[in-house]
Structures are given as structure tokens and as C-alpha cells.
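> turn this into a structure:
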Amino acid sequence: MSRDTTIPIRRLNPSDLGPPPGYSQVVEVQAGRIFFIAGQTALDAGGALVGKDDFAAQADQVFRNLAVALEAVNCTAANLVKLTVFLRDMDNLRAYREARNRFFATVSPPAAPAITLVEVSKLYGPEFLIEIEAVAAA
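Numbering: from 1, shown residues only. Sure, this is the predicted structure:
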């Protein structure tokens, strides 16, 4: 699959909003195609949970799943323009950021989409600790 990630994506961080850690405050996209990626959880290709009670392992699997979804439409992490991240426990913020930073470092320059992150009491399965939905543009 070819991966043309040269679409015009401009990431902005207005000085009046303060510098964000690892994401952009505003993302402008001039794209021909927009992809909406359903919430990804820590299930492997066979539908088995990866990392029961292990947030870091689940976060890594979620980002692997995002990479697979992106590859299916000839995109990479560079094409992501918006993430919505659902954490069961905000105490896992550091581990989430580490997994996120590894994922976005796979493209050069590292991508920094707009991100909304919320703590939730439940996800669709009680064993899931993180879920991420995404929007990509190409």
C-alpha cells in the first residue's frame, strides 16, 4: 500500500492557549478524504484481550490497532487529526502519554493531533482500561 501523507495539515498552538504537552490545540486540514475510526480497545486480531489489568500493555495494543486501521486506508499516524481518549482511571495518564509518544514518533516529524482525554466509569467491557477513537485525513 502506498502511504501519501503529504496532505496539507497545519497544527497550531496559539500563544494565548498555552503550550500543550504532546498534542495540538488546533488542527487545520485541507483533505480530499476523511476517515472516522471507531473506538479501539486492547483486543488482538483474534478478539482476545491483551493486557488484562495491565494499562501499559492495553495502551500499546490500542495504538497497534489504530496503526492497523490507518494502514487499511493507506494512512499513518501522520494523518491523524483528532483523537478522543477514554481512560478508566486518570492515574494512568503517564502510561498513556508514553504509549502515545511512542506511536507518534513512528512518523517524522512526530504527529500531534488535537486530543480530548476523559476519564470514564465504564467502557463497553469491564476489562477494558482504555479506548481511543480517531479522525484521520488524506
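
> for the rest of this, base every contact and every neighbour count on C-alpha atoms.
Noted.

> and the strands in this protein, which stretches?
9-12, 26-29, 34-40, 80-87, 114-119, 130-137 (DSSP state E).

> what is the burial count for the residue nearest to residue 57 when sequence neighbours are not counted?
Residue nearest to residue 57 in three dimensions, not counting chain neighbours: residue 51, with 4.9 Å by CA to CA, 6 or more residues apart in numbering. Neighbour count for residue 51, taken as other CA atoms under 10 Å: 18.

> how close does residue 51 get to residue 80?
Using CA to CA, to the nearest Å, residue 51 is found at 25 Å from residue 80.

> returning to what we had before: now the strands of the chain as CSV including distance to residue 97 and mean neighbour count?
CSV is the format used below for these (distance: least, CA to CA, whole Å; neighbours: other CA atoms under 10 Å):
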stretch, distance to residue 97, mean neighbour count
strand 9-12, 19, 16
strand 26-29, 19, 16
strand 34-40, 16, 16
strand 80-87, 11, 22
strand 114-119, 11, 16
strand 130-137, 12, 22
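
> residue 65 is nearest to which of these?
Nearest to residue 65 among the strands of the chain is strand 34-40; the distance by CA to CA comes to 6.5 Å.

> residue nearest the centroid of the chain?
The residue lying closest to the centre of the chain (CA atoms, centre = their mean) is residue 83, at 5.1 Å.

> what's the per-residue pLDDT of the residue in the chain sticking out farthest from the centre here?
Computed with CA atoms, centre = their mean, the maximum C-alpha offset from the centroid of the chain is found at residue 16, amounting to 25.3 Å. For residue 16, the pLDDT comes out at 90.

> residue 72: which of the strands of the chain is closest?
Residue 72 sits nearest to strand 34-40 of all the strands of the chain, at 10.7 Å, using CA to CA.

> much appreciated, bye for now.
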